[in-house]
Structures are given as structure tokens and as C-alpha cells.
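Novice: here's a sequence, model it:
(chains A and B)
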Amino acid sequence: MILLGAAVLLVGRWLTPHTFHGAILQSPLPAQDFSLMSHVGQRVALSDLRGKIVLLYFGYTICPDVCPTTLAELAQARKLLGRDADQVQVLMITVDPERDTIPVLADYVVHFSSTFLGLRGTPDETAQVATYYGIYYEKHDSDSALGYLVDHTATVMVIDRNGYLRLVFPFGTPAEDMASDLQYLLRK
Amino acid sequence: MTASVIPLLKPTRLLYVMIALPVVGILAFTTLRPIQVLPRITLAPGFSLVDQNGARLTNEDLRGRIVLYNFTYANCGGACPQTSAVMRALQNRLGEIDAGEIPVALVTISFDPERDTPERLRAYATQVGADATRWRIATGDATRLKYALGGGFNLYYAPNPDDTFTFDPLFVLVDGWGIVRAYYKTATPATDRLLRDLRLIVDEARNSAGAARYAYEAAHVFLCSPP
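Specialist: Predicted structure coming up:
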């Protein structure tokens, strides 16, 4: 009877469709490609990363709270994937290319994970990529010693192994929820 | 009563029933399509514009709202494709679906920032009968507009030497997550069709919590799209 119960549970689980925590997209076309300078001094294109799941985030190093929170959650989500973690690449594109030079970016991203890649474009490249991915960003002055701040959309986008935009996580999605969705995408 | 229950509890029969139920459920769901959803096509672009009242309008300001966009310029007249009549008709009927709980907004983006100052956009708003609380008309930096409209919304537009523009009429429906749910590549989509599509997204947003959410997400996984 116990065996039967376990079997029923397993079958039930197998038949229940996975419920995503992020919003799932049915993108008919691959996500817009881009090629930007990475913090390791090499250009990285989205299309170079086919075969891996890409978590794409836009932020900047002087960002007071939103970016460190999200990057820490992303690092944690990757950890939760265990040995599948190396199939997931986190990219952070800076929305403040003027101040986030390559050495500054390099210092920053490895603080969260040595596997993360920080990317930097020219102001024009940044505008193009950010606009395409639905990212609003704008400088605004602040009284703090940090100088200006950059308001920006803080969503995390998931690009699947074939290069299609599959999921969008709103700001504040817990690492466990992201890991659960990623696990599902990795199994497929 | 006991007689009918006991055979069901036979281990093998119970197993069959437990396996069959979800299969029948999924089949019924995908064939009968009790819930219809519009596909989530792609992300709408990011932008920062200035509207007819000189106020800033960004895609972040519109998060949580369902937005219908159209694209034109204030000087669009004569042979220029007229899309404002559809927006106006929709504005007048929005009360049918927008009970205040899930806000719906109309946004017209001008691709003529050089001439379309807020004053001109205000005059245009009066001319087309836009209610400023529901329908905002905005434009912004020309290069950024090219990225947002040409790259993001897939709009074709090009200036002519005589200060007019050639463009393909387009309406785009975007949900509260900033995800494109429908493109209408015509100057005159049917108002009823637009209202039906808006209602589908409003219903989805209204049911985005609790058990109903699972059914809606399943509809996305099984692609239960309306014809």
C-alpha cells in the first residue's frame, strides 16, 4: 500500500505541468544578439553562449541596493542547482558604462560569483541592447557621495539553450523560485 | 454504499484511476480550452518619453497597466494612414472592461520628435479627442526612438523630404509585465477584436493569484490561444 501510494504520488507529480514562478514567453524568434566587452577583456556575444541557459541582468556597480540583492539571489539560485550550475551563465550588462570601466566591473562581479560575467558597451550599444530587452534606465542626481544614480528596470531575463527568451523574473523573485524554474528548463 | 467504494480501493484499480484522472483532465483542458490566453510574444522595449503635458512617460511608469500603443505624428494628414479613430473609439468603450482594478491605458508615440513639441502634441490630443487621464501622447530622443520603435516594436517608419513620414500602421498590445501580447498590422483593427483581446489580459491579470493562476499558466504552457 505504501509502495502504491508512492507510485501514485510520483505519477501525479510527473503528470502535473510545472508551474513557472516567472512569466513564461512563447517567443517565436531568438532573442536579439549582442556582442559586448566582458570584464575578462574579451568580447562576449549572446550567441557564443548557445547550449547554456543565460540569466541576463542590467545593473551598475554604484547601485545602492537593488543590484547587490538581485546578484546575490542569482548566485544563490545557481548554487541551488548543484552540479547543473555550470550550465547557467549569469551576465550583468552595466547601464552606467561611463563609470563602470572594465577593471571596476571586474572587481564588482567576482564579489558575487567568480563565474559571473560583467559586460560593458559604448553608451550607444548599451542603449540599443537595454531598449530591446525592455530596460528603462536614466541617470538622476543624488545628494549622496556616490554622485549620480541610475534608475533602471530590475528584471532578470532567462534565455534558453537555443537562444530564445523564455522567462522573465520580476525584481524580488527568491533564489529558490528561480532555481525551480531553471531546473525545469534544464531537464527539457 | 460500502459496496461501491470497496472495489475502487483495490490497489490496482485505484492506481488506474489516479493515472487516468490527470490524463483526462489535461486532454479536456487542451481540447475544450476553458481558458484562453494571448501568447506572450516578446518584451516590449524600454523607453523614456515626454508626453503632451510635458510629463515624463517611461515603460516603468506603465508597469502594472495594460497598454495599447499606436504610432504616428501630429502632422499626419491627407494620404497618411489614420489610426487615431480606432484609439478614440476604444477610449470611449474602455469602461466596458476597465473597472479600475486592472488599469488600461492608451499611448500614442510620435516618431517626429523634431517638430512634435509638447504644445503640438497637446493640440493633436485635442484634435483627436484624447482624454489625458487615459490616453497619453508622447515622443522622445530621435536615436532612442529608433531603437524603441524600429528595434523594439518592429515598426517601419521613414522620413520623406517634404516633412511627412512613410510608415506601416501598427497597434501593439502590451501587458502589465511589459510583454507584447498582440500586434495588429493594420490602420483599422476592429474595436470589438481589440476589446476582446484586452478583456483576455484583464481576466488573466485578475486571476493571477491563487488556484486560478495555475490554470492560466497551464493555458500558456498548452498554448490555448484564441483563433
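Novice: who does B:I109 form a beta bridge with?
Specialist: When assigned by DSSP bridges, B:I109 has beta-bridge partners B:F71, B:A138.
Novice: quick one: secondary structure of A:V150?
Specialist: strand (DSSP: H, G, I helix; E, B strand; the rest coil).
Novice: so who does the closest residue to B:D163 other than its chain neighbours touch?
Specialist: Spatially, and ignoring its direct neighbours in sequence, B:D163 is nearest to B:N75 (6.9 Å; Cβ to Cβ, 6 or more residues apart in numbering or on different chains). Just so you know, the C-beta spots here come from the backbone N, C-alpha and C atoms, and that holds for glycine as well. Residues near B:N75 by Cβ atoms under 8 Å, 6 or more residues apart in numbering or on different chains: B:112, B:115, B:163-164.
Novice: quick one: which of the residues you listed is nearest to chain A?
Specialist: Proximity of these to chain A (Cβ to the nearest Cβ) peaks at B:D112, which lies at 18.8 Å.
Novice: and for the closest one, the neighbour number?
Specialist: Taking other Cβ atoms under 10 Å in any protein chain shown as the criterion, the count of residues near B:D112 is 21.
Novice: wait, a helix at it?
Specialist: No: read with three-state DSSP, B:D112 is coil and lies in no helix.
Novice: just to revisit the earlier point, farthest-apart pair in the contacts of B:N75, please.
Specialist: B:R115 and B:T164 (10.9 Å; Cβ to Cβ).
Novice: so which of these two has more stuff around it?
Specialist: The residue with more neighbours, out of B:R115 and B:T164, is B:T164; 16 against 12, by other Cβ under 10 Å.
Novice: might one say that that one is in contact with B:A74?
Specialist: No: using Cβ atoms under 8 Å, B:T164 makes no contact with B:A74, being 11.6 Å away.
Novice: now for residue 85, how many residues are close by?
Specialist: Defaulting to chain A. A:A85: 18 neighbours (other Cβ under 10 Å).
Novice: could you do chain B instead?
Specialist: 13.
Novice: that's a helix at it, yeah?
Specialist: Yes: assessed with three-state DSSP, B:A85 lies in a helix.
Novice: thinking again about what came up before, A helix includes the residue nearest to B:D163, no?
Specialist: No: assessed with three-state DSSP, B:N75 is coil; it does not lie in a helix.
Novice: once you drop chain neighbours, what's closest to A:P28?
Specialist: Counting by Cβ to Cβ, 6+ apart, the residue nearest A:P28 is B:I41, at 6.8 Å.
Novice: and the one you found, what does it touch?
Specialist: Listed by Cβ under 8 Å, 6+ apart, the contact set of B:I41 reads A:25-28, B:179-183.
Novice: okay, these in JSON lines with neighbour count next?
Specialist: Output for the contacts of B:I41, formatted as JSON lines (neighbours: other Cβ atoms under 10 Å in any protein chain shown):
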{"residue": "A:L25", "neighbour count": "24"}
{"residue": "A:Q26", "neighbour count": "17"}
{"residue": "A:S27", "neighbour count": "20"}
{"residue": "A:P28", "neighbour count": "9"}
{"residue": "B:I179", "neighbour count": "23"}
{"residue": "B:V180", "neighbour count": "24"}
{"residue": "B:R181", "neighbour count": "22"}
{"residue": "B:A182", "neighbour count": "21"}
{"residue": "B:Y183", "neighbour count": "16"}
